[in-house]
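Student: Let me see the structure of the following:
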Amino acid sequence: MEARAVVPAQPRGAVKVKNEPAQGRNRRALGDIGNYGVQALDGKPNAQISRPMTRSFRAQLLAKEQGAVEINKNPVVPALDNRVAINRRRVTVNKVAEAQKKVDDKPNSDESKAATTTTSEGEKIESVSGRRSREGSSRKEVKTLTSILTARSKAACGVTVKPKPQIVNIDAADVNDELAVVEYIDDIYQFYKLEEGESRVRDYMDSQPEINARMRSILIDWLTEVHRKFELMPETLYLTINIVDRYLSRTFVSRRELQLVGISSMLIACKYEEIWAPQVNDFICLSDYAYTGAQILVMEKAILGKLEWYLTVPTPYVFLVRFIKASVSPDKEMENMVFFLAEIGLMNYPTIILYCPSMIAAAAVYAARCTLAKSPYWSETLKHHTGYSEEQLMNCAKQLVDCHMAAAAESKLRVIYCKFSNPDRGSVALFTPAKCFQAT
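Tutor: Below is the predicted model of the structure:
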């Protein structure tokens, strides 16, 4: 039920005065929002209410002004049908909605949802905000003219976007192998790269008055033969050469003790790398009894003292194993060629001084691929795992190829050449050196 206004009852006997102004008639006259000229009953003009000029309010004022101008141009006849007035009212409402739409900078997130109203016939009518959100979404999907012209110009010029070469996951086959430590292998070789500078040998021949680079090469050639006769691990030979060079860079050595330094260095490397290390008497026999057992042990102690027992160093061998694997399914011939070039490079004194172990290993892989005509010579997988580009390896690889050519033509110091000329090693030393480096 609708609530009825309760009129207070007048007391009996009260006389109602005719034409008496009713209570509360002194209030201001009510009018619509545009009734600015209404005056109060007392004759004083009402105070105008100031309203902030918002965007929506300004749009309403503009729409009303436009409607008034059109009405003045086309005055309405009082006898018009009600339908004409209704149509004009709809036109005015549409103009207000259009003005509001122009003033708004961007629609609210809540307005983007299409608000629907249901008519009496069950039809759903989408609101203005719903249409606005649909139009915005359609504009995002349309391609711009600039992008279309750019794509057409590239197609006309024959410009094609080449896909980036993929890097092969060389550790995918060793995921289930616990000894391969696939989870830590990348961190291990990053650590090797950081530590190889600590054990890198500097130029020391100027501080050795009695020995030279030729004598060092003779010593390395002899140690390679001893290593082969004992059938030792490959790591032992690389560590032996590292110990010899580091000791010679820190102390003066006479010519007569140079072979003793080599024997003691190999004894230390065997104790570090081998399961069954050779005895001291075995080295005495191989040296043709040039030194006694006491001299070998004294020199061993002196070397360990100078090196401060620092034997865990990244030699070229640890990088060779990784970089050969990065060649993606290398064959035995490829592996033998890499080790051949690396060993003749270690015998060459300038190679040891100028380049770090990781670069020597990477250059050996690159020179081997060039020698065996493997295509491509250098891949993105090798670049990723070695950290060197093809241009960075050119000089070092050229030195290794020069050593290959010298070993083939040399009459002496042919232990490494004969070692890899054996069919057990694939006879890789008999291959023609890489011609691409000979031309340069």
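Student: in the stretch 1-150 of the chain, which ranges drop under the pLDDT threshold?
Tutor: Applying pLDDT under 70 to the stretch 1-150 of the chain flags residues 1-53, 55, 67-143.
Student: run the last query once more with 80
Tutor: Scanning the stretch 1-150 of the chain for pLDDT under 80 picks out 1-145, 147-150.
Student: what comes into contact with stretch 198-211?
Tutor: With CB atoms under 8 Å, 6 or more residues apart in numbering as the contact definition, stretch 198-211 has outside contacts at 212-213, 242, 245-246, 248-249, 252-255, 258, 310, 313-314, 349, 352-353, 356-357. C-beta here means a position set from N, CA and C on the backbone, and glycine is covered the same way.
Student: Buried ones among those?
Tutor: 242, 245-246, 248-249, 253, 258, 313-314, 349, 352-353, 356-357 (16 or more other CB atoms under 10 Å).
Student: tell me the phi and psi of the closest residue to Cys370 other than its chain neighbours?
Tutor: Excluding its sequence neighbours, the residue lying closest to Cys370 (CB to CB, 6 or more residues apart in numbering) is Ala434, at 4.0 Å. Per-residue torsions, Ala434: phi -60, psi 130 (degrees, to the nearest 10).
Student: Please apply the same query to Tyr204.
Tutor: phi -130, psi 0.
Student: swap in Ala269?
Tutor: phi -70, psi -40.
Student: Report the separation between the nearest residue to Thr315 once chain neighbours are set aside and Leu372.
Tutor: The shortest distance from Thr315 to any non-neighbouring residue, by CB to CB, 6+ apart, is to Tyr238 (4.0 Å). Tyr238 sits 23 Å away from Leu372, going by CB to CB, to the nearest Å.
Student: Pick out whichever of the two has more residues nearby.
Tutor: Each of Tyr238 and Leu372 has its neighbours counted (other CB atoms under 10 Å); Tyr238 has more, 24 against 16.
Student: what about Glu196, how many neighbours?
Tutor: By other CB under 10 Å, 19 other residues sit near Glu196.
Student: Not including adjacent chain positions, what is the nearest residue to it?
Tutor: Using CB to CB, 6+ apart and skipping residues adjacent in sequence, the residue nearest Glu196 is Pro314, 4.7 Å away.
Student: Among the buried ones among the contacts of stretch 198-211, which lie within helices?
Tutor: Taking DSSP state H, the ones among these that sit in helices are Asn242, Asp245, Arg246, Leu248, Leu258, Tyr349, Ile352, Ile353, Pro357.
Student: Tell me which two of these sit farthest apart.
Tutor: Leu258 and Pro357 (22.9 Å; CB to CB).
Student: which other residues reach stretch 268-285?
Tutor: Against stretch 268-285 from outside (CB under 8 Å, 6+ apart): 226, 230, 232-233, 235-237, 239-240, 243, 263, 266-267, 291-293, 296-297, 300, 303-304, 311.
Student: just stretch 359-369 next, same as before
Tutor: 316-317, 319-320, 323-324, 326-327, 334, 337-339, 341-342, 345-346, 351-352, 355, 374, 377-378, 382, 386-388, 390, 392-393, 396-397, 399-401, 404, 434, 437.
Student: Stretch 424-440 too?
Tutor: Outside stretch 424-440, the residues that reach it (CB under 8 Å, 6+ apart) are 332-333, 336-337, 340, 367, 370-372, 397-398, 401-402, 404-405, 407-408, 416-421.
Student: Pull out the buried residues from those residues.
Tutor: Of the contacts of stretch 424-440, these count as buried by 16+ other CB under 10 Å: 336-337, 340, 367, 370-372, 397-398, 401-402, 404, 407, 416-417, 419-421.
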